[in-house]
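Trainee: quick one: sequence and predicted model below, then my questions.
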Amino acid sequence: MTEQITDHKKEQIIATALKRFAHFGIAKTTMNEIADDLSLSKASLYYYFPDKTSLILAVGHHILFDFVKQQEATLNKALNFKAGMQNLIDIRIEFGKKYFMMHIGDGQGDSYFHDQQLHHLMEDVRQQEQLLLMAFMKKMQQQGELKALDIVATSQIFTDVLTGIWVFEIHVLHKTLIPSDDQFNNIRTKCLNMLNIFYDGIKRV
């Protein structure tokens, strides 16, 4: 089997697994169901991915690094701090809506996310997000929009608060199995309100 054919088959499996993970969640999706969706034998599926964790890891790579690329693209073209952050908030919310059932990075993930490889993947993505935000803040400083500040600490606080708003709205305040559009809209409104308050504290007067 050529490498090109193998890569194509892996891409098909990842795309199929992602559909099930995003709709039913990771824990409720079996390897048998993924194999059936692809009209593959279970043995053939395990040829490409020796266990479920390796498939979850591949799916995670696929969606998370695309997520980072979207953030990078929107920050690169942003002309000012608030515009960049507003677009970043929208990207995060759309990602959360699309892949909510996978519970990526919201503290509610199942046992698979305790796997060391998956943990390292999540940490790698968080670090890349942090570096993007730090670079953007530094750029806005150099343009004279932001005052002198500790970029490392400030960027971390900003992302922590965004995550906190999400977790509180979804898992503390309502605790619904699948959030409604109104809940996602509430998250966006709170994040934008927080951005306005945050910006008032770091902008150069």
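Mentor: The structure has been received and is ready for your questions. Numbering: from 1, shown residues only.

Trainee: name the residues of the helix or strand of the chain with the lowest mean pLDDT that are buried.
Mentor: Ranked by mean pLDDT, DSSP states H and E, the weakest helix or strand in the chain is helix 3-24, scoring a mean of 88. Residues of helix 3-24 classed as buried by neighbour count (16 or more other CB atoms under 10 Å): 9, 13, 14, 16, 17, 18, 20, 21, 22. Any C-beta I mention is one placed from the backbone N, CA and C, and that applies to glycine too.

Trainee: then whichever helix or strand comes after it to PDB, C-alphas only?
Mentor: As assigned by DSSP states H and E, the chain's next helix or strand after helix 3-24 is helix 31-37. Extracted C-alpha coordinates of helix 31-37, given in PDB (Å, rounded to 0.1, in the frame of the first residue of the first chain):
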ATOM      1  CA  MET A  31     -14.500   2.100  16.900                       C
ATOM      2  CA  ASN A  32     -17.000  -0.300  15.500                       C
ATOM      3  CA  GLU A  33     -19.400   2.600  14.600                       C
ATOM      4  CA  ILE A  34     -16.600   4.400  12.800                       C
ATOM      5  CA  ALA A  35     -15.600   1.300  10.900                       C
ATOM      6  CA  ASP A  36     -19.200   0.700   9.900                       C
ATOM      7  CA  ASP A  37     -19.600   4.300   8.600                       C
END
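
Trainee: and helix 31-37, what does it pack onto?
Mentor: helix 3-24, helix 42-48, helix 52-77 (3 or more CB pairs under 8 Å, 6 or more residues apart in numbering; DSSP states H and E).

Trainee: mind redoing it with 7 Å?
Mentor: helix 3-24, helix 42-48 (3 or more CB pairs under 7 Å, 6 or more residues apart in numbering; DSSP states H and E).

Trainee: closest one to residue 140 among those?
Mentor: helix 3-24 (34.2 Å; CB to CB).

Trainee: which one of the buried residues of helix 3-24 sits closest to residue 55?
Mentor: residue 17 (5.5 Å).
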